[in-house]
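>>> Task: produce atomic coordinates for the following.
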Amino acid sequence: MCAMTLGRICVKTRGRDKGKKCIIVSVIDDNYILVTGPKSLTGVRRRKVNVSHLRPLEKNIKIRRNSTDETVTSALTRAKLEEFMRSRE
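Sure, this is the predicted structure:
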């Protein structure tokens, strides 16, 4: 299983965004992390999420801690992962 690290792409397993992909923007503590879709790309808004509600994927992008949605979108564009992020699990 992949570690919950900065820039890791995950799939939400519970809640209104179930099945949508998101990216870890910041690790808050052992139980919570901050994720973003970004909303304009996947529909997942920036929010604090319980780690148990995510399934990490193998893919990872290089971003700084607390990056803005624009920075995350440009990193996804550079990594050619936009279409991958739009698809649902």
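>>> where exactly do the helices run in this protein?
If DSSP state H is used as the criterion, the helices of the chain fall at 39-42, 69-78, 82-86.
>>> what packs against the longest one?
It refers to helix 69-78. Judged by 3 or more Cβ pairs under 8 Å, 6 or more residues apart in numbering; DSSP states H and E, helix 69-78 is in contact with strand 21-27, helix 39-42. No exception for glycine: its C-beta is placed from N, CA and C like everyone else's.
>>> what angle sits between that helix and strand 21-27?
An angle of 130 degrees separates the directions of helix 69-78 and strand 21-27 when computed by axes from the mean of the first three to the mean of the last three Cα atoms, to 10 degrees.
>>> What lies in contact with helix 69-78?
Outside helix 69-78, the residues that touch it by Cβ atoms under 8 Å, 6 or more residues apart in numbering are 7, 23, 25, 36-41, 46, 61-64, 67, 82, 85.
>>> Report the buried residues of it.
Along helix 69-78, these residues count as buried under the neighbour rule (16 or more other Cβ atoms under 10 Å): Asp69, Val72, Thr73, Ala75, Leu76.
>>> Make a markdown table from those residues and add distance to His53 and pLDDT to it.
As requested, these are arranged in a markdown table below (distance: Cβ to Cβ, whole Å; pLDDT from 0 to 100):
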| residue | distance to His53 | pLDDT |
| --- | --- | --- |
| Asp69 | 20 | 94 |
| Val72 | 19 | 95 |
| Thr73 | 23 | 94 |
| Ala75 | 23 | 95 |
| Leu76 | 22 | 95 |
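>>> and the residue nearest to the spatial centre of the chain, what does it touch?
A centroid search over the chain (Cα atoms, centre = their mean) returns Ile23, at 1.4 Å, as the residue closest to the centre. Shown here is Ile23, whose contacts under the criterion Cβ under 8 Å, 6+ apart are Gly7, Arg8, Ile9, Cys10, Val35, Thr36, Gly37, Pro38, Ile61, Ile63, Val72, Leu76.
>>> what about Tyr32, neighbour count?
14 (other Cβ atoms under 10 Å).
>>> Let me fix that, I meant to ask about Lys12.
21.
>>> do you know how far it is from Arg88?
Using Cβ to Cβ, to the nearest Å, we find Lys12 at a distance of 10 Å from Arg88.
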